[in-house]
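*Asks:* Just the structure for this:
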Amino acid sequence: MQSNRRAPGWAGPLIGLVSCAAALGISLTAAGLVKASAFPVVAVGDAVVDLAPAGVKEFAIRVFGENDKNVLVAGILVVLAVVAAAIGTFALRDLRYGTAGLTAFGVAGVL
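*Replies:* Numbers count the residues shown, from 1 in each chain. Sure, this is the predicted structure:
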């Protein structure tokens, strides 16, 4: 017998955030076994710095000083949290959305 009760609206974003936190924990553990720079958040930050125009880099250093890398990593984590919450919301409607989002995160992390 199937229940026709739906999960509350806040459950989707929470599920997405918890899933993202678990995935980041696993990736951090795996990076620790390989090398610290293999952590996907740090690797994405390094790629962003490499691809950013010189003017953007100078602006970030001027505004944030020595904390520019910390701000970049925090920004990446905020974007990850927003995307994970959105994927969790969509996953409540159809589980395939959650699976596709998790797969996309995994592929991006490996790349």
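
*Asks:* these two touch, right, residue 39 and residue 33?
*Replies:* No: the pair formed by residue 39 and residue 33 falls short of the contact definition of C-beta atoms under 8 Å, at 11.1 Å. No exception for glycine: its C-beta is placed from N, CA and C like everyone else's.

*Asks:* What strand or helix carries the residue minimising distance to the centre of the chain?
*Replies:* When the chain is reduced to its mean C-alpha position, the nearest residue by C-alpha atoms, centre = their mean turns out to be residue 80, at 2.8 Å. Assignment of secondary structure by DSSP states H and E places residue 80 within helix 68-93.

*Asks:* Only the buried residues of that helix, if you could.
*Replies:* Going by neighbour count (16 or more other C-beta atoms under 10 Å), the buried part of helix 68-93 is 68, 72-73, 76, 80-81, 84-85, 87-92.

*Asks:* pLDDT and distance to residue 7 added to these, as a markdown table?
*Replies:* Supplementary listing: the buried residues of helix 68-93 in a markdown table, determined by pLDDT from 0 to 100; distance: C-beta to C-beta, whole Å:
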| residue | pLDDT | distance to residue 7 |
| --- | --- | --- |
| 68 | 87 | 40 |
| 72 | 91 | 35 |
| 73 | 91 | 32 |
| 76 | 92 | 29 |
| 80 | 91 | 22 |
| 81 | 94 | 20 |
| 84 | 92 | 16 |
| 85 | 94 | 14 |
| 87 | 92 | 15 |
| 88 | 91 | 10 |
| 89 | 91 | 10 |
| 90 | 90 | 13 |
| 91 | 88 | 10 |
| 92 | 87 | 6 |
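
*Asks:* Return the member of those nearest to residue 57.
*Replies:* Taking C-beta to C-beta as the measure, residue 68 is the one of the buried residues of helix 68-93 closest to residue 57, at 8.2 Å.

*Asks:* ok, now which ones touch the nearest residue to the closest one once chain neighbours are set aside?
*Replies:* Spatial nearest neighbour of residue 68, chain neighbours left out: residue 60 (4.5 Å); criterion: C-beta to C-beta, 6 or more residues apart in numbering. In this structure, residue 60 makes contact with 52, 68, 71-72, judged by C-beta atoms under 8 Å, 6 or more residues apart in numbering.
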